[in-house]
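[1] Quick one, what's the 3D model for this:
(chains A and B)
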There are 2 protein chains.
Amino acid sequence: MRYCKIPDEAVRRLPIYLRGLLFLSEQSKKSISSQSLADFLGINSWLIRKDFSYFGDFGTPGVGYNIEKLIKHIKKILKLHVGHKVALVGTGNLGRAVLAYPGFRIYGFDVAAAFDSDPKKNGRKINNVVVENISKLGRLKKGKIDLGIIAVPGDAAQEIADALVKAGIKGILNFSPYRIIVPKKIKVITIDIAMDLARLPYYMRSN
Amino acid sequence: MRYCKIPDEAVRRLPIYLRGLLFLSEQSKKSISSQSLADFLGINSWLIRKDFSYFGDFGTPGVGYNIEKLIKHIKKILKLHVGHKVALVGTGNLGRAVLAYPGFRIYGFDVAAAFDSDPKKNGRKINNVVVENISKLGRLKKGKIDLGIIAVPGDAAQEIADALVKAGIKGILNFSPYRIIVPKKIKVITIDIAMDLARLPYYMRSN
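    From the prediction side, this is the model:
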């Protein structure tokens, strides 16, 4: 099955739907109406219906959406129907928080390698991952790791991005506040905590 | 000046514009065309023009946007024309990464208080902030802190959110993967690293 291009904003919500549906599936639920799903996730039901319409509507009037079918489709769209191995670069506070993060597993991610430029950290085991020297980054190709997470100080981010691309990584999650430049075929998603905080006051009421 | 309601997706981009414009202003640049700004930020110029149109178009044909004026307006819209004090709860790896993060300052944020339930951590100074016991959260009201960051394990997040709301916080940045429930007047922005990673494979090319 091929899917049409889905707007970025809908793609952004697909992992939210997937997580919710996986939770419901674990509770042995078989189907759910868009309204119940909306209430459960805190997202408008019309938005859910609109998002689902991009990849075909799986709802049956009076019954609702078939949960397993939806999970399967969303996983396929997000290319999460296969597992992905992830390499982390930088094992400071943020990197260690990433290694300890329990939320990756439900999406089929496995943080399988960690690198740090500090020789003192090399060989240390953090959450069952042995920290390797950054010079070993080139070996990734053999390991079938296709995603990278950059958790190094900003001024080192571009150099690390270049090394990850050279090592065959196809997507990068970048925690450094700098914009990194990579070939067009590589996707970068940047997470800047300060930017998320910066849009919070907009929504604040004065009383 | 009053502004009309701006779509969430445009609000999401305003901090990106603001950061870029502040950088250009530091380089003593006075004005910029939407195309140059687009190239600089890596955002489509038509999207920039559309976003700016929500709060009045400050561009002059042939000259471009007045950078200082734009900065002033975006700050006002985001309510960043006044500084905000932030309380952090949880000083594990993630919390310490937040305290060490240099990117808050440009938006006028000051992480002025940190709390942890672990008595061993109380009294410790991390990046000039003394970690206090979580039982002291109630004192925030006097300190004019209006934003909270939750960096505690998921199962404690709701309890902390309740305490922050009681202490007079108006907005919460939530790093726990759980949905927290707060009164309607409180805005919560949840950052789930795994969800951001989960939309990365969608954009990956197979070769």
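
[2] Could I get the buried residue list for the longest helix along chain A?
    Criterion DSSP state H: the longest helix present in chain A is helix A:8-26. Going by neighbour count (16 or more other CB atoms under 10 Å in any protein chain shown), the buried part of helix A:8-26 is A:10-21, A:24. For every residue, glycine as well, the C-beta is placed using N, CA and C.

[3] outside of stretch A:67-83, which residues touch it?
    Identification of contacts with stretch A:67-83 by CB atoms under 8 Å, 6 or more residues apart in numbering or on different chains yields A:1, A:3, A:6, A:11, A:14-15, A:17-18, A:21-22, A:24-25, A:29-32, A:52, A:55-56, A:58, A:107-110, B:198-199, B:201-202, B:204.

[4] Check stretch A:191-206 too.
    Residues outside stretch A:191-206 that contact it (CB under 8 Å, 6+ apart): A:173-175, A:177, B:11-12, B:14-16, B:18-19, B:77-80, B:84, B:86, B:98, B:101, B:103-104, B:106-107, B:109, B:146-147, B:149, B:170-173, B:185, B:187, B:189, B:191, B:193, B:196.

[5] buried subset of the residues you listed?
    For the contacts of stretch A:191-206, buried by 16+ other CB under 10 Å: A:173-175, A:177, B:11-12, B:14-16, B:18-19, B:77-80, B:84, B:86, B:98, B:101, B:103-104, B:106-107, B:109, B:146-147, B:149, B:170-173, B:187, B:191, B:193, B:196.

[6] Inside helices: which ones of the residues you listed?
    Applying DSSP H to these, the entries found in helices are B:11-12, B:14-16, B:18-19, B:77, B:98, B:193, B:196.

[7] need the contact list for residue A:141.
    Contacts of residue A:141 (CB under 8 Å, 6+ apart): A:167-168.

[8] And it, how far from residue A:168?
    Distance, residue A:141 to residue A:168, using CB to CB, to the nearest Å: 4 Å.

[9] Check what pLDDT residue A:207 gets.
    We have a pLDDT of 55 for residue A:207.

[10] Partner strands of the lowest-mean-pLDDT helix or strand in chain A, with direction?
    Using mean pLDDT, DSSP states H and E, strand A:59-60 stands out as the lowest-scoring helix or strand of chain A, at a mean of 74. According to DSSP bridges, strand A:59-60 has the following sheet partners: strand A:64-66 (antiparallel).

[11] Now do the contacts for the closest residue to residue A:20 other than its chain neighbours.
    Using CB to CB, 6 or more residues apart in numbering or on different chains and skipping the chain neighbours, the partner closest in space to residue A:20 is residue A:41 (4.9 Å). Neighbouring residues of residue A:41 by CB under 8 Å, 6+ apart: A:16-17, A:20, A:48, B:179.

[12] same thing but 10 Å
    Applying CB atoms under 10 Å, 6 or more residues apart in numbering or on different chains to residue A:41 gives the contacts A:13, A:16-17, A:19-21, A:23, A:47-48, B:179.

[13] What ranges does chain A have for its strands?
    With DSSP state E as the criterion, chain A has strands at A:31-32, A:59-60, A:64-66, A:84-89, A:109-116, A:125-126, A:129-133, A:145-150, A:171-174, A:187-190.

[14] Check the offset of the third one from the chain's centre.
    In this case it means strand A:64-66. Mean C-alpha position of strand A:64-66 versus that of the full chain (CA atoms, centre = their mean, to the nearest Å) differs by 25 Å.

[15] same question, the fifth one
    Shown here is strand A:109-116, whose average C-alpha point lies 14 Å from the average C-alpha point of the whole chain (CA atoms, centre = their mean).

[16] mind listing what it pairs with, with the direction of each?
    strand A:84-89 (parallel), strand A:129-133 (parallel).

[17] angle of the longest one against strand A:145-150?
    This points to strand A:84-89. Relative orientation of strand A:84-89 and strand A:145-150, computed by axes from the mean of the first three to the mean of the last three CA atoms, to 10 degrees: 30 degrees.

[18] cool, the last one as well?
    Note on geometry: by the same axes, to 10 degrees, strand A:129-133 and strand A:145-150 are set 70 degrees apart in direction.

[19] rewinding a little: any chance of the buried residues of helix A:8-26 in a markdown table with pLDDT and distance to residue A:123 as columns?
    Compiled in a markdown table, the buried residues of helix A:8-26 are given as follows (pLDDT from 0 to 100; distance: CB to CB, whole Å):
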| residue | pLDDT | distance to residue A:123 |
| --- | --- | --- |
| A:10 | 91 | 44 |
| A:11 | 93 | 39 |
| A:12 | 90 | 38 |
| A:13 | 92 | 41 |
| A:14 | 95 | 39 |
| A:15 | 94 | 34 |
| A:16 | 92 | 38 |
| A:17 | 94 | 41 |
| A:18 | 95 | 36 |
| A:19 | 91 | 35 |
| A:20 | 92 | 40 |
| A:21 | 95 | 41 |
| A:24 | 94 | 43 |
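
[20] Identify the residues contacting residue A:89.
    Going by CB under 10 Å, 6+ apart, residue A:89 touches A:95, A:113-117, A:134, A:137, A:148-152, A:156-157, A:159-161, A:163-164, A:169, A:172.
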